[in-house]
Structure formats: C-alpha cells, structure tokens
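S.K.: task: produce atomic coordinates for the following.
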Amino acid sequence: MEKSCSLLVHFDKGTPAIANEIKEALEGNDVTAKVDAMKKAISLLLNGETLPQLFITILRYVLPSEDHTIQKLLLLYLEIIDKKDASGKLLPEMILICQNLRNNLQHPNEYIRGVTLRFLCRLNETEIIEPLIPSVLQNLEHRHPFIRRNAIFTVMSIYKLPQGDQLLVDAPEMIEKVLSSEHDPSAKRNAFLMLFTCDQDRAVKYLFEHIDKISEWAEQLQMVVLELIRKVCRTNRLEKGKYIKIIISLLNATSSAVVYECAGTLVSLSSAPTAIKAAANTYGQLLLSQSDNNVKLIVLDRLSELKSSHREIMVDMVMDVLRALSSPNVDIRRKTLDIILDLITPRNVNEVVLMLKKEVVKTQSGELEKNGEYRQMLIQAIHSCAIKFPEVASTVVHLLMDFLGDSNVASAVDVVVFVREIIETNPKLRVSIITRLLDTFYQIRAARVCVCALWIIGEYCLSLSEVESGLATIKQCLGELPFFSVSEEGEVSDGSKKPPQANSITVSSRRPAILADGTYATQNAASETAFSPPTIVQGSLSSGNLRSLLLTGDFFLGAVVACTLTKLVLRLEEVQSSKLEVNKASTQALLIMVSMLQLGQSSVLPHPIDSDSYDRMLLCIRLLCNTGDDIRKIWLKSCRQSFMKMLSEKQLRETEELKAKAQVSHAQPDDLIDFYHLKSRKGMSQLELEDEVQDDLKRATGEFIKDGNDANKLNRILQLTGFSDPVYAEAYVTVHHYDIVLDVTVINRTKETLQNLCLELATMGDLKLVERPQNYALAPESSKQIKANIKVSSTETGVIFGNIVYETSNVLERNVVVLNDIHIDIMDYISPAYCTDSAFRTMWAEFEWENKVAVNTTIQNEKEFLDHIITSTNMKCLTAPSALDGECGFLAANLYAKSVFGEDALVNVSLEKQGDGKLSGYIRIRSKTQGIALSLGDKITLKQKGGS
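M.R.: This next block holds a predicted model:
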C-alpha cells in the first residue's frame with residue numbers, strides 16, 4: 001500500500017542534496033541553516049529517498065529546538081518517515097518521540113499545541129497515539145478555541161482508526177458534551193462534524209433537539225447540517241419530509257453560501273413544486289445579489305438544470321432571470337438568453353420581447369466595447385421569439401431594420417436574415433417591410449447584407465409602385481454611369497496614376513470560401529468588412545453604397561444586382577400596362593449590366609471580374625433581350641419556392657430535435673401507483689404530501705429506473721495478456737469526460753506466490769497517469785482488482801501501454817509480462833452538435849489545422865457512403881436532406897461535432913461518381929487543434945472502406 005501523505009512538494013532533482021551536508025547543518029546552531037536542511041530532508045524523503053542516518057541527528061539536535069518553524073518542519077518529517085519495519089511492527093526508536101509529543105501537547109505556547117494536535121490527526125500508529133490520549137482529552141477544555149477545535153479533530157481521527165472505538169470508547173458522548181457547552185463557531189462545527197461522522201444517530205438527535213435555533217447557528221455549522229441532511233435522506237428516503245422543513249427554514253440564512261447549498265439540497269431531495277419554486281426563487285435572488293461573475297455563471301448553470309427538469313415552474317421566473325442581462329459580461333448575457341429562449345410561452349412572450357427591445361436600444365449608446373456582439377445575440381434571440389410566435393414579429397421587425405447599416409457586420413447580417421424569414425412567414429408585414437427596406441437601403445455598408453437585401457427586393461416587390469421604387473433605389477445606389485471614364489483607363493494603363501479608390505479598404509488577395517453545398521468559391525476579404533463613406537470617383541458625381549462596393553472589386557455583388565434588376569423588369573412586364581415604360585426600364589437595366597461588365601474587364605481595378613459573375617451577368621443580359629413565359633416562371637417563382645422549402649425543412653428539423661430532447665420514461669407493468677386523493681394525510685404537512693406524490697409520479701413514469709447496459713460493458717473489456725502467460729490480465733475501460741478509469745483484473749495462473757507484483761503503465765498522447773504504481777503480493781491462483789486513473793487534457797487518440805512486473809520466491813530476477821496496447825478512441829470524446837451555416841463557414845475560414853483524406857471505399861452509392869461516415873465519426877450532418885436528394889453523380893455535405901473539451905470538429909465531404917461506378921473525392925477535416933484533426937482523419941481512413 002502506498003503511504004498516505006498530506007504533502008506535495010516540488011523538488012528539483014538537478015541539484016541533489018547530500019545527506020552529510022544536511023547532517024552538518026542540523027548539528028550546527030544556525031536556525032536558518034537548520035530550517036533549510038529540514039526542508040531538503042523532507043523533499044528527499046518525498047522523492048523516494050530513505051535517509052535512515054538522519055533520524056538520531058534530528059532527535060538530538062532538532063527535537064529540543066524552541067523555534068516554531070523548526071518544530072513545524074519536525075512534525076512534517078515525522079509524518080512522512082517510515083515508522084514500521086518490513087514485517088509491519090513499529091520501529092523501537094519511534095517510542096523516543098512519544099515523550100516529545102506529550103510535552104508539546106502540554107506546551108504553554110498555543111501554536112505548538114495546535115500543530116501537534118493536527119499532526120496526530122494524520123498518524124495511523126496506535127502504539128504512538130495510545131499513551132498520548134489523556135493529553136489530547138485535556139486539550140478539549142483549553143481556554144483557547146484554536147486548540148479546542150484541533151483537539152476535537154484529533155479525537156475524531158483517533159476514533160476513526162481501526163481500533164479507535166476501543167481507544168476512545170465514549171468519544172461521541174464526550175464530544176456531545178463539548179458541543180452543548182462550546183461557544184466558538186469553528187469548534188462547534190468540528191464537534192458536530194465529529195458526531196455526524198462517527199455517531200450519526202446522536203448528531204440527528206442533537207439536530208432535532210435544537211431545531212428552533214438552527215437559523216441562528218454560524219455559517220460553517222449550517223453547512224455541516226446540510227451535509228448531514230443529504231446523507232440521512234439518501235439512506236432513508238421515507239424521513240426526508242421533516243428534513244425539508246429545516247432546509248426551507250435555512251433558505252432565509254444571511255450567508256449566500258448556505259442559501260446556495262440549501263437550494264441545491266432541496267432540488268436533489270424533493271420534486272415537490274413548492275420546494276422547487278423555493279429553490280428557483282433562491283437562485284434568482286443570488287443571481288441579482290452577487291457581484292462576482294463566476295458566481296453568476298454557476299447560478300445560471302443551476303437554473304439551466306432546473307429548466308430541463310422543471311420547466312413549468314421556471315416559466316414563472318423568466319423576468320427574474322432576464323434581469324441578469326444588466327451584467328456587462330458577455331458570457332453571462334449569452335447564458336441568460338439561452339435559458340430564456342427555452343422558457344418562452346404565449347403568456348410571457350410580449351414581456352420578454354419588450355425587454356429585449358429595450359436592451360437592443362441600449363446597445364446603441366456605444367459605451368461598452370462588446371456592444372456589437374451583445375446586439376447580435378439580442379437580434380438572434382428576438383429572431384427566435386418571432387419565429388416561434390409570429391404575432392410579435394410586427395412589434396420588432398421595424399426596430400431591427402434600423403440596424404441594417406450597423407458597423408458590426410455580423411449583427412447586420414442577422415437582421416437581414418431575420419427580415420427575409422419574417423417577410424415570407426408573415427405576409428401581412430410584406431408591404432411595410434419592403435417600403436422600410438427601400439427607404440433604408442442606402443445606409444447598408446456591408447456587401448453580405450446588400451446581397452440578402454437585394455434578393456428580398458427582387459422577390460417581394462410585387463405591386464407597380466414597389467417595383468418602380470426598387471429599380472429607382474438600385475439605380476440611385478449605383479450612381480451615374482459609366483463607373484469610370486476612358487481617360488482614367490488610359491492614365492492607369494500608362495502607369496502615371498494609381499487606380500481611383502472609392503474608400504479606405506484595400507482589396508486583399510482572394511481566399512476560398514465554403515458555400516452552403518460544401519463547394520469552394522473565391523471570396524474577397526473586402527466583402528467581409530464594412531467600408532468608410534465613399535469618395536468621389538473621377539468623372540462621376542457622389543456615389544452610393546453599391547457603387548463603392550463594386551469599385552472595391554466585389555463582382556459577386558454585381559451579379560446579384562444584375563439578377564435583382566432582371567427579376568424587377570420581368571415583374572414590371574406583368575404589372576405595367578405601358579410597353580414604353582417596360583422597355584425604358586429594361587434598357588436602363590441592360591446599360592447598368594454592360595457598365596459592370598466593362599468595369600470588370602478594365603484595368604482600373606487590380607483584379608478582373610471572376611468567370612462565375614461574368615457568366616451570370618451575361619445570362620441576365622440575354623434574358624432581358626429575349627424574355628418568355630418559361631423563363632419568367634423560373635425567375636419569379638422557383639427561387640421563392642426553394643426558400644419556402646428551406647424554411648419548412650428548418651422548422652421540421654427543430655421540431656424533431658425538440659421531440660428527441662423530450663425524455664421517454666417507461667413504467668414497469670407491475671409498479672404500484674398511489675392516488676393523490678386517496679393518500680393518508682395523517683400528520684403530514686402540505687409540502688411532505690406534495691413530495692410523496694411527486695415521488696409516486698416518478699416511480700410511475702419510470703424515472704427512478706436506470707438501465708444497466710451490461711452488453712455495452714462487455715464490449716469495453718480488453719484482454720491485456722495471453723491465456724498461456726503466468727499472469728492473465730484484462731481491463732475494463734470507463735471513459736469519463738476528463739479522466740479514464742482502467743479497472744484491471746490480474747489473475748495468478750501459477751502454483752506459487754507472486755511477490756512485489758506491479759502494474760506499470762505509460763501513456764502516449766495527451767494522457768497522464770495520476771498515481772504511482774503499487775506493489776502487491778498475489779497468492780497462487782488468486783486474483784486482484786487494480787484501478788488506474790488517467791487524466792485526459794485534449795481530444796486526440798491516445799495509447800496506454802505497459803507491463804506487469806513480479807518476483808517469485810525461487811528466482812532472484814524480476815519477471816516481466818508485456819501487455820497489449822489500449823487505444824483510447826476519439827469517439828468517446830466527441831458528440832454530434834449543431835451550428836448555423838454562417839458559423840460553420842466562419843470557423844472553416846479561421847481554423848488553421850486541416851487534414852485531407854482521399855476517398856477510398858468499396859461503397860458505390862454516395863448517400864450510403866455519407867451515412868457510413870456520419871455513423872463512424874459520431875457527427876451531425878448540417879446539410880439539409882433535400883440538398884442530398886436525387887442522383888446527379890456528385891455530393892457535398894458538411895458535418896459538425898463538438899468535443900467534451902469544447903473543441904469544434906468540422907468535416908466537409910465532397911464526392912464524385914466515376915464512370916466505373918466507384919466513388920472518388922476528398923474528406924476535409926478542420927479544427928483549431930492538431931490532435932482532433934489527425935485523430936478524426938485516422939478514424940475516417942480506418943472506417944471508410946465500409947468495415948465495422
């Protein structure tokens with residue numbers, strides 16, 4: 001058995017202290033040198049040295065010292081030295097220290113007495129302790145509370161020893177007397193803890209004798225009372241009613257720590273609505289009264305747990321929880337909004353949205369640096385409310401549209417996406433949204449927002465006045481044509497002038513961006529950022545936002561402008577009776593498109609137009625020159641139908657996720673159910689009655705029943721040695737989030753005793769062994785269970801390897817049995833998760849680690865291969881099922897998972913079917929850390945062939 005020790009000291013092995021030097025320093029009279037020598041001796045002992053020659057020196061020269069530091073170090077030294085010989089008997093020289101300890105326990109200095117009592121708490125040798133018991137008991141009545149509280153702890157540790165109840169027969173009675181006469185809070189707490197640990201019935205009796213005074217007790221004593229209540233109620237659930245009353249009385253305590261513990265204890269013991277409501281209100285008060293952000297986050301975690309198990313009670317707390325938004329911390333605000341969004345009902349949605357609107361308005365003040373991020377969170381929360389309860393959309397959509405020109409691009413994108421969804425789901429708001437959008441379009445400063453706003457204008461401008469306003473707005477924002485004069489181009493080509501720039505943004509090199517279908521496209525960095533107010537371009541008047549963005553080289557936006565103009569002209573043909581007006585609008589649209597193409601092919605800009613945008617604009621020009629009914633149907637109806645389908649799929653997915661979250665519990669067919677109205681109420685308070693009923697309901701719905709998954713347990717047993725080895729070993733591996741527990745069974749297959757048998761383990765990867773191996777003696781044909789704890793610090797595939805070393809009586813050398821390696825699977829750490837397409841693309845662009853795996857499989861169906869990868873990697877497919885339907889010979893999908901350490905794993909699968917029926921393509925994995933990218937790549941390479 002490894003020695004227990006209360007010390008852990010860092011020791012630099014590079015500078016070993018020599019025993020002789022330590023001995024010389026201890027024999028001298030210099031106190032400082034003695035202190036340093038004692039520290040070196042203790043460090044050496046903790047690192048495995050024995051130093052038997054120092055013991056007598058320390059007894060002669062250190063023991064008589066009056067210096068407090070030396071006395072403290074002496075007690076630490078005595079704690080860690082071996083006090084028994086190989087046969088387990090006490091070393092005779094240990095008797096020499098007994099007299100010194102007795103003197104210390106009667107020392108006039110309180111500090112010396114106190115540290116000696118604390119030292120005795122950590123001693124296990126009854127031979128040393130027994131003669132000191134009278135001195136320990138005398139200290140129970142000392143005038144100083146520091147000594148009394150340590151004496152109580154010493155009595156408790158002696159009583160807990162294997163023969164402790166014989167050494168101190170009447171210890172509980174003695175401590176009970178001390179408890180009733182004691183006035184010091186810490187000493188009272190220690191005395192009650194001693195009763196609770198050593199004589200639980202006596203502690204319970206004392207508690208009920210003083211039940212009226214519990215609320216007046218000190219904070220530390222109240223905490224021990226709560227610990228006692230939890231322990232008693234776990235062993236005897238039938239009596240918990242009377243204890244719950246004590247907890248509820250403690251909810252009014254002055255200490256925040258006691259109040260927090262009370263609420264947690266109440267939730268763990270009772271499901272009665274009154275108890276849960278009291279706990280929820282307590283958490284709500286703590287959330288507002290505590291200024292520490294960490295405390296607020298912990299309380300929000302508790303409220304989140306309550307929300308998942310007692311939603312109907314938490315719904316009434318919504319406005320109390322919302323008040324936590326007053327904290328400037330972004331994490332607290334995010335967590336608060338996450339809780340609130342799950343508690344919204346038709347009854348409280350108007351209040352919640354009104355509060356969120358006020359918060360959005362507050363973010364405009366710009367006092368805090370993270371206002372933009374907070375505004376984005378609020379917009380997403382309002383979006384979620386408006387989708388669940390469409391009736392509130394009308395109250396928020398116009399307020400949010402003021403933020404379309406927000407300098408924070410992310411929140412402006414959220415607003416425009418929200419507007420796009422509301423305009424489709426709330427037809428009554430269409431006219432007012434379009435009017436407002438056309439009025440505020442010139443304020444939009446980000447290309448991504450412009451693109452989405454243009455799509456809305458093209459799809460939802462239906463009446464004649466709306467179509468004409470749409471055309472006029474786009475024309476106004478593009479400014480006067482052409483975009484550059486011929487003289488400017490000549491000057492640029494001569495190299496005498498730099499190209500005219502619309503604003504301060506420089507166009508950086510292009511980078512690949514991942515689209516919603518998983519394919520790559522080039523994307524300018526300029527399209528990601530908002531720009532400064534445009535300057536006047538030579539040869540033109542003051543320009544609008546679209547013109548400025550086009551002059552930065554954003555031709556994807558140009559293609560969207562062309563498509564929007566085409567849709568508006570096609571719709572104008574339907575609503576405008578005058579052919580002349582239609583032709584006029586068509587001509588103006590064609591002129592704009594041709595000007596954009598000229599700009600793209602000129603040398604004014606550093607980058608020419610990309611081929612995709614060029615082809616798109618040419619298509620629009622051809623359509624306007626030759627319109628027809630089929631084309632009109634495709635351009636004016638198909639896009640809208642696709643969007644409607646996307647929204648319905650999103651709604652369906654969210655509904656399915658909610659169903660999956662709902663816990664399905666089953667009752668056993670022969671379970672008894674007690675009926676509330678037929679229940680005996682004799683001597684029970686309302687709270688006890690409620691608690692009984694809730695327990696019965698839980699029993700009836702099977703919430704108390706835990707499935708023992710024995711089949712899964714057997715899958716986790718790994719054979720470590722062969723059947724013919726002298727020692728057989730197998731391990732059962734349990735993976736918790738941050739640690740791995742190996743439960744190793746070792747069997748001695750021989751007819752002789754194996755001595756000093758040791759399981760030596762080593763790890764590779766981010767795994768660390770927690771304890772040092774211990775030595776065991778194993779009788780013939782007997783077995784031993786050995787547990788090993790391993791800490792995990794990141795998500796990557798790790799390997800545990802090692803061997804079993806043992807000695808036999810007739811052979812001098814040690815025998816070694818090498819163990820099979822244990823591979824820790826990355827699948828134990830990652831779980832499927834969901835994120836939005838925009839979040840996926842942002843992470844894809846940011847993460848620096850990419851692992852590219854070529855597809856090599858015998859599976860010939862694209863969809864079947866994708867399903868196989870999803871199953872093998874434990875990831876969630878973010879691509880909508882409709883996008884994967886059909887047979888076209890190509891498939892692109894995005895997968896996402898999150899690790900228990902909060903790491904993100906992104907996977908893009910791009911497949912193509914070859915002429916011979918085989919699949920080719922690549923699977924790209926991206927992550928922030930190298931380990932997860934490599935481990936997932938190895939897993940996919942191993943599994944993709946179609947094997948198990």
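S.K.: and the contacts of stretch 830-849?
M.R.: Contacts made with stretch 830-849 from outside it, assessed by CB atoms under 8 Å, 6 or more residues apart in numbering, are listed as 413, 511, 513-514, 516, 657, 795, 873-876, 878, 894, 896-900, 904-906, 908, 926-930, 932-933, 936. In short, each C-beta sits where N, CA and C put it, glycine included.
S.K.: if I pick N426, what's in contact with it?
M.R.: 390, 393-394.
S.K.: er, A381 I mean
M.R.: Contacts here follow CB under 8 Å, 6+ apart; on that basis A381 touches 337, 340-341, 356.
S.K.: check contacts around I925.
M.R.: Residues near I925 by CB under 8 Å, 6+ apart: 850-853, 905-907, 932-933, 936-937, 940.
S.K.: now, which of those residues sits nearest I152?
M.R.: Nearest to I152, judged by CB to CB, of the contacts of I925 is I932 at 51.2 Å.
S.K.: doesn't that closest one lie inside a helix?
M.R.: Yes: secondary structure of I932, determined by DSSP: H, G, I helix; E, B strand; the rest coil: located in a helix.
S.K.: quick one: T721 and Y728, what's the gap?
M.R.: Using CB to CB, to the nearest Å, one obtains 6 Å as the distance from T721 to Y728.
S.K.: before we move on, back to that, can you tell me which of the contacts of I925 are in strands?
M.R.: Secondary-structure check on the contacts of I925 using DSSP state E: residues within strands are 850-853, 905-907.
S.K.: quick check: most distant residue from the centroid of the protein.
M.R.: Each residue of the chain has a distance to the centre, and by CA atoms, centre = their mean the biggest one is for L580: 63.2 Å.
S.K.: measure that one to L572 for me?
M.R.: Distance of L580 to L572, given as CB to CB: 12 Å.
S.K.: show me how far stretch 585-595 is from its chain's centre.
M.R.: Centroid displacement of stretch 585-595 relative to its chain, using CA atoms, centre = their mean, to the nearest Å, is 53 Å.
S.K.: show me where the stretch 351-500 of the chain has its strands.
M.R.: When secondary structure is read from DSSP state E, counting those that start in this stretch, the stretch 351-500 of the chain shows no strands.
S.K.: name the weakest-confidence residue in the contacts of I925, if you would.
M.R.: The member of these with the lowest pLDDT is I932, and it reads 83.
S.K.: can I get the contacts of I925 in TSV with neighbour count?
M.R.: As requested, the contacts of I925 are arranged in TSV below (neighbours: other CB atoms under 10 Å):
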residue	neighbour count
E850	14
N851	20
K852	12
V853	19
A905	28
L906	26
V907	27
I932	29
A933	24
L936	30
G937	18
I940	19
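S.K.: closest one of these to E110?
M.R.: Taking CB to CB as the measure, I932 is the one of the contacts of I925 closest to E110, at 56.2 Å.
S.K.: that closest one reaches N851, doesn't it?
M.R.: No: under the criterion of CB atoms under 8 Å, I932 is not in contact with N851, lying 9.3 Å apart.
S.K.: farthest pair in the ones in strands among the contacts of I925?
M.R.: K852 and A905 (14.7 Å).
S.K.: got a list of what A880 touches?
M.R.: 646, 649-650, 653 are the contacts of A880 under CB under 8 Å, 6+ apart.
S.K.: ok, now H68?
M.R.: With contact set as CB under 8 Å, 6+ apart, H68 has these partners: 109, 111-112.
S.K.: helices of the stretch 501-650 of the chain, residue ranges please.
M.R.: If you assign secondary structure with DSSP state H, counting those that start in this stretch, the helices in the stretch 501-650 of the chain sit at 545-550, 555-575, 579-601, 611-625, 629-633, 639-661.
S.K.: ok, which of those comes nearest I826?
M.R.: Ranking the helices of the stretch 501-650 of the chain by distance to I826, with CB to CB as the measure, places helix 639-661 first at 23.6 Å.
S.K.: for that closest one, name the packing helices and strands.
M.R.: Applying 3 or more CB pairs under 8 Å, 6 or more residues apart in numbering; DSSP states H and E, one finds that helix 639-661 makes contact with helix 409-425, helix 447-460, helix 881-884.
S.K.: ok, back up a step: quick check on the contacts of A880: which are buried?
M.R.: Of the members of the contacts of A880, the ones counted as buried by neighbours, 16 or more other CB atoms under 10 Å, are M646.
S.K.: quick check: phi and psi on K787?
M.R.: The main-chain torsion angles of K787 are listed as degrees, to the nearest 10 and equal phi -110, psi 140.
S.K.: sorry, that was for K876
M.R.: On the backbone of K876 - angles per degrees, to the nearest 10 - the values are phi -110, psi 140.
S.K.: please name the nearest non-neighbouring residue to it.
M.R.: Nearest residue to K876 in three dimensions, chain neighbours excluded: P832, at 3.6 Å (CB to CB, 6 or more residues apart in numbering).
S.K.: ok, now I717?
M.R.: Using CB to CB, 6+ apart and skipping the chain neighbours, the partner closest in space to I717 is Y732 (5.3 Å).
S.K.: same question, E261
M.R.: That would be L226: by CB to CB, 6+ apart, it lies 5.0 Å from E261.
S.K.: and what of S432?
M.R.: Leaving out its chain neighbours, S432 is closest to H398 (CB to CB, 6+ apart), at 7.2 Å.
S.K.: how near is the one you found to D439?
M.R.: Going from H398 to D439 by CB to CB gives 11 Å.
S.K.: then E312?
M.R.: Using CB to CB, E312 is found at 44 Å from D439.
S.K.: and for S43?
M.R.: S43 sits at a distance of 77 Å from D439 (criterion: CB to CB).
S.K.: who's more crowded, these two?
M.R.: Neighbours per residue (other CB atoms under 10 Å) separate S43 from D439, with S43 holding more: 18 against 12.
S.K.: give me the element that one is part of.
M.R.: Here S43, judged by DSSP states H and E, is contained in helix 31-46.
S.K.: quick one: average pLDDT of that helix?
M.R.: For helix 31-46, the per-residue pLDDT averages 87.
S.K.: name the helices or strands packed onto that helix?
M.R.: Applying 3+ CB pairs under 8 Å, 6+ apart, one finds that helix 31-46 makes contact with helix 19-27, helix 68-80.
S.K.: so what touches the helix or strand following it?
M.R.: Toward the C-terminus, helix 31-46 is succeeded by helix 54-57 as the next helix or strand (DSSP H and E). Outside helix 54-57, the residues within contact range by CB under 8 Å, 6+ apart are 19, 22-23, 26-27, 41, 81, 93.
S.K.: mind running it again at 7 Å?
M.R.: Applying CB atoms under 7 Å, 6 or more residues apart in numbering, the contact partners of helix 54-57 are 19, 22-23, 26-27, 41, 93.
S.K.: now those: which count as buried?
M.R.: Burial by neighbour count, judged by 16+ other CB under 10 Å, picks out 19, 22-23, 26, 41 from these.
S.K.: and the two most separated of these?
M.R.: Farthest apart among the buried ones among the contacts of helix 54-57 by CB to CB are A19 and L26. That separation is 10.4 Å.
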